[in-house]
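In: Starting from these lines, generate the structure:
(chains A and B)
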Amino acid sequence: MLDRLHRRQLLSRIAIPAAALAAVALLAVVAEPLAAQGYTPREYGDFPIIGSRAAIWIAAQLHLFFAAFVLGVPMFAVVAEAIGMFTKEERYDKLAKEFTRLLLVSYSATAIWGAVLVFLLITLYPALWGYLAEIFAPSMWVYVGIFFFESFTLYLYYYGWNHWKTGRAKWGHWALGILLNIWGTAVMLIANSWLTYMMSPPAEVTPDTAPSMVRFWSAFANATWMPINVHRLIANVVFGGAIVGAYAAFRFLNAKTDEERAHYDWMGYIGNFIAISALIILPFAGYYLGREIYEFNQQMGTTMMGGFMSWLWVVQAFLIGVLFLAGNYYLWVGMGRIPGAERFTPYTKYMLVVLLIGVAVWATPRNMIASRDEITAMGGQFHPFLGVLGVMSAKNTAVNIMILTTFLSFLLYRRANKKPVVSWAKRGTTVQGALFVIAAGVVLFYGVYGYFVPAIVRIGFSVYQVLAVIATIVGVIGIDMFMMRGAESHGEIRWGQMPARSQYALFILAVTFTWLMGLMGFARSGIRQHWHVFEVFRDTSVDAATPALGYASIVISVCVLIFLAMVAFIFWVGGLAEEPIISNVGSSSKPAPATSGD
Amino acid sequence: MTNVKILGIVFGTLAIYTWIANAIPQLESVVPIEVSFGADVTPAELVAAGQELYSGGAGCTTCHGLETRAPNLLSDFAGEGTIGQRCGTRVESQDCKAYLHESLINPMAYVVEGGFDPMVFQARVFSGSQIWALVAFLQDQGGAVTVSGADVAAAAEADAASPQGGPAVASLDPLDIMRGNLCLGCHLLDGEGAQTGPPFDGIGSRIDEARIRRSIVDPGAEVAEGYEDQAGAMPPTLADLLTARQLEIVVEFLAGRR
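Out: Residues are numbered from 1 along each chain as shown, chains lettered A, B, ... in the order given. Okay, here's the model as predicted:
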């Protein structure tokens, strides 16, 4: 027996080095002829029919759509669970669980598209992949590790929901939700470093710098990394809210019972509330990102805003206009199911006018490439009247007024069925109104004053405008929370009694958010122009030129269609496995708690 | 029926966005090409290469596309027609080809009157073949292309004999360096030059020495306040045409203009 063991040990001692030697010898045999033939790895591969660019574009965009969803949803799932824990209202806990169920089935799709993206990078852009891998290898290993932990935390979070439902165990479960968010955010931060490096490599990196000589941290924490992190973090919440809203709308429209209809009406409201709330602060993050791009390279900023992409911002303004209008429309229609809301209904038409004017100003172009005929028709490079509205002063003013108006819509919705009983209610409302007027005054004042000062001073004004709006939002909410304590109710919200057209608005929101994400992805990636890594690693492929918006829009629409189709399928499959989680939020037949908008 | 309506909303929304994006002017970001031709080059090849350079890497449209800084070369100007039609009559002793070539090699020679900015084309950073390709493209705008393979071959020989690079002027006098590199084509100094870019008068009190140097070496990195509309107009190749000593002389001179 011992002999046999010794023989085995001896054999393994000999066999392993022998196998290693054989492998080296085999490599030498294979490698020698390859080297002798002058073999060098190819720089680009070909993808049939649609080409390499479209293939990698679609894979990256779809991976991003799913990734944004699975990063955004845990944020408000964990918040909803916390609300449920603190308020003891079980409907929030059930809502959080249903969010997480959507998440669970979306995870595999995210991973699959991530794998597709990596394989396409390896096979179609091997040189670029090799370059990036050499710089970012350690972060790629960490990324995979965190993704592993994230997945298993999610399994624990979801499948342990009923098991850890009460007492200390519930706190432990909630902590798992927080941990899930930490893993998810860490994964996003790592992936963001790779793509932002391509946009804004450190100044010391030149075309002659070997990837092995690039300092890791300098490449990782590059100029646009943090702005993208902030922008994506907020945008993921917006996106997650919009998709959840669309899911709820689909369920609402196909509901068989009043309870089901009431639940999904409420869920749709929460999704829309989250999406629009985060959307309100998204322009500030976008402004921060744009400023950092200009700081990194003025020419890149000019290409983005005034070069071949100048028309893109007109389309973006149109899309954001649709989002603001659809979001507000949903709230206004929703007020129809809140007793007492009729006293606010006359104001909606004025808010609509303000929003439409805001959208029109925001969509007015200033600086764009024009043909000779167009210049002649306009009477100069800038339109004599509309050119004035195209400058940043007017646009900042418009967007801030639109944000204030949307916030007012939310406030009216929130207060629709409430009647404050505190003695200072009238004064409180007057102060709230004054805050709105002051904020609008500050925004308009700096908007007009901006025309009379140099650009560098004008840029600083936008900070005052933003601060005025944020201060108003915080101040008004603060007053409202205290003022509405113990408020009387004009009647229960009739959850479920919502016209179908309001649900179609939720679909428009989801499609528009998704399309807008695709458009902004094109803008962020396109400003590199014919560079894989801006001014460091040149794109020498047949697709080096950045396509026009028309072509980009077709690719974006295809991506959105594939994404929505897959999401619909995934949600359908998810629904087959388990009965819907219906919470008692009240319905037309079953009254709900007297609350709205909280 | 409900699901059909949902599909209609989704497809309809996507169709509208796609239609809008296709209805607006379609602008592509082109890749600047590097031109290298032999004596057997055809006029069509030269014109095609010239067009790419004109619209892209040579930066011609920065001034000639707007019509506010320089005449539009592709459309009628002052009733004399497009550049291919009017180039032969601009200077009495020169035919179209010679006039256009001289205009590119020596940009300040024939600046059109009428309140336009001086021409700041940095011919030295382009090869002889590229210059001839531009000439061929401009001739093709209403005229006959007379640039030949022999012109290109001669230019290639000249390039080989005197490789590109090195300073545009040998002087160490700051004013000579700035005049020789066409700086005053856009910047005003003691009443000399144009006001397309920020004036050199008082520049030392507005920005420090480091930023002056950076603005020359990497003009795209920062744009002077109030001149955002001119971003991208200053050639990024300027530093290639100065020696290190010349660069420091100019920086020191400008920093002293308070």
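
In: pLDDT weak spots in the stretch 1-150 of chain B?
Out: By pLDDT under 70, the low-scoring segments of the stretch 1-150 of chain B are B:32-36, B:55-59, B:61-63, B:65-69, B:108, B:111-125.

In: And the residue of it closest to chain A?
Out: Residue of the stretch 1-150 of chain B nearest chain A, by C-beta to the nearest C-beta: residue B:21 (3.3 Å). C-betas here are computed from N, CA, C, even on glycine.

In: mind checking how far that residue is from residue A:289?
Out: Here the distance between residue B:21 and residue A:289 works out to 22 Å (C-beta to C-beta, to the nearest Å).

In: so how far is the host helix or strand of residue A:571 from its chain's centroid?
Out: Counting by DSSP states H and E, the element that carries residue A:571 is helix A:549-577. Centre-to-centre, helix A:549-577 and its host chain are 16 Å apart (C-alpha atoms, centre = their mean, to the nearest Å).

In: Ok, stretch A:317-335 next?
Out: 18 Å.

In: is chain B contacted by it?
Out: Yes: counting by C-beta under 8 Å from any C-beta of the partner chain, chain B has neighbours in stretch A:317-335: A:318, A:319.

In: Would you mind extracting the C-alpha trace of that stretch into PDB?
Out: Output in PDB follows, covering the C-alpha atoms of stretch A:317-335 (Å, rounded to 0.1, in the frame of the first residue of the first chain):
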ATOM      1  CA  ALA A 317     -33.700  68.800 -25.400                       C
ATOM      2  CA  PHE A 318     -36.800  67.500 -27.200                       C
ATOM      3  CA  LEU A 319     -36.500  64.100 -25.400                       C
ATOM      4  CA  ILE A 320     -36.100  65.700 -22.000                       C
ATOM      5  CA  GLY A 321     -39.100  67.900 -22.900                       C
ATOM      6  CA  VAL A 322     -41.100  64.700 -23.500                       C
ATOM      7  CA  LEU A 323     -40.000  63.300 -20.200                       C
ATOM      8  CA  PHE A 324     -41.000  66.400 -18.200                       C
ATOM      9  CA  LEU A 325     -44.300  66.700 -20.000                       C
ATOM     10  CA  ALA A 326     -45.100  63.000 -19.700                       C
ATOM     11  CA  GLY A 327     -44.100  62.900 -16.000                       C
ATOM     12  CA  ASN A 328     -46.200  65.900 -15.200                       C
ATOM     13  CA  TYR A 329     -49.100  64.700 -17.300                       C
ATOM     14  CA  TYR A 330     -49.200  61.400 -15.300                       C
ATOM     15  CA  LEU A 331     -49.400  63.400 -12.100                       C
ATOM     16  CA  TRP A 332     -52.100  65.700 -13.400                       C
ATOM     17  CA  VAL A 333     -54.200  62.700 -14.600                       C
ATOM     18  CA  GLY A 334     -53.500  60.900 -11.300                       C
ATOM     19  CA  MET A 335     -55.000  63.800  -9.400                       C
END
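
In: re the thing from before, the residue of the stretch 1-150 of chain B closest to chain A: what's it in contact with?
Out: Residues counted as contacts of residue B:21 (C-beta atoms under 8 Å, 6 or more residues apart in numbering or on different chains) are A:315, A:549, A:550, A:552, A:553.

In: Now it: which helix or strand?
Out: helix B:2-23.

In: do the helix or strand following that helix and chain A meet at all?
Out: Using DSSP H and E, the helix or strand that directly follows helix B:2-23 along the chain is helix B:43-55. No: legend: contact between helix B:43-55 and chain A by C-beta under 8 Å from any C-beta is lacking; minimum distance shown is 10.6 Å.

In: show me the contacts for the closest residue to residue A:65 other than its chain neighbours.
Out: Nearest non-adjacent residue to residue A:65, counting by C-beta to C-beta, 6 or more residues apart in numbering or on different chains: residue A:563, 4.5 Å away. With contact taken as C-beta under 8 Å, 6+ apart, residue A:563 is in contact with A:62, A:65, A:66, A:514.

In: do residue A:396 as well
Out: Contacts of residue A:396 by C-beta under 8 Å, 6+ apart are A:443, A:447, A:450, A:461, A:462, A:465.

In: Generate CSV for those, with pLDDT, secondary structure and neighbour count as supplementary columns.
Out: Shown next, in CSV, are the contacts of residue A:396 (pLDDT from 0 to 100; DSSP: H, G, I helix; E, B strand; the rest coil; neighbours: other C-beta atoms under 10 Å in any protein chain shown):
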residue, pLDDT, secondary structure, neighbour count
A:443, 95, helix, 26
A:447, 90, helix, 24
A:450, 83, helix, 22
A:461, 83, helix, 21
A:462, 81, helix, 23
A:465, 91, helix, 24
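
In: Quickly name whichever of these is closest to residue A:193.
Out: Of all the contacts of residue A:396, the one with the least separation from residue A:193 (C-beta to C-beta) is residue A:462, at 27.9 Å.

In: ok, and the closest non-adjacent residue to the closest one?
Out: residue A:396 (4.7 Å).

In: Same question for residue A:500.
Out: Per C-beta to C-beta, 6+ apart, closest to residue A:500 is residue A:253, 6.3 Å.

In: got a list of what that neighbour touches?
Out: Neighbouring residues of residue A:253 by C-beta under 8 Å, 6+ apart: A:500, A:503, B:2, B:6.

In: how many neighbours does the residue of the stretch 101-250 of chain B found nearest chain A have?
Out: Closest to chain A within the stretch 101-250 of chain B is residue B:220: 3.3 Å, counting by C-beta to the nearest C-beta. Using other C-beta atoms under 10 Å in any protein chain shown, residue B:220 has 18 other residues around it.

In: Quickly note the distance from residue A:570 to residue A:96.
Out: From residue A:570 across to residue A:96, the span is 19 Å (C-beta to C-beta).

In: Check residue A:140 too.
Out: Taking C-beta to C-beta, one finds residue A:140 at 32 Å from residue A:96.

In: hey, where'd the helices end up in the stretch 101-250 of chain A?
Out: Applying DSSP state H, counting those that start in this stretch to the stretch 101-250 of chain A gives helices spanning A:126-159, A:167-199, A:216-220, A:225-253.

In: Any chance of JSON lines for those helices, columns distance to residue A:47 and mean pLDDT?
Out: Listed next are the helices of the stretch 101-250 of chain A as JSON lines, based on distance: least, C-beta to C-beta, whole Å; pLDDT from 0 to 100:
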{"stretch": "helix A:126-159", "distance to residue A:47": "13", "mean pLDDT": "94"}
{"stretch": "helix A:167-199", "distance to residue A:47": "20", "mean pLDDT": "95"}
{"stretch": "helix A:216-220", "distance to residue A:47": "28", "mean pLDDT": "95"}
{"stretch": "helix A:225-253", "distance to residue A:47": "27", "mean pLDDT": "93"}
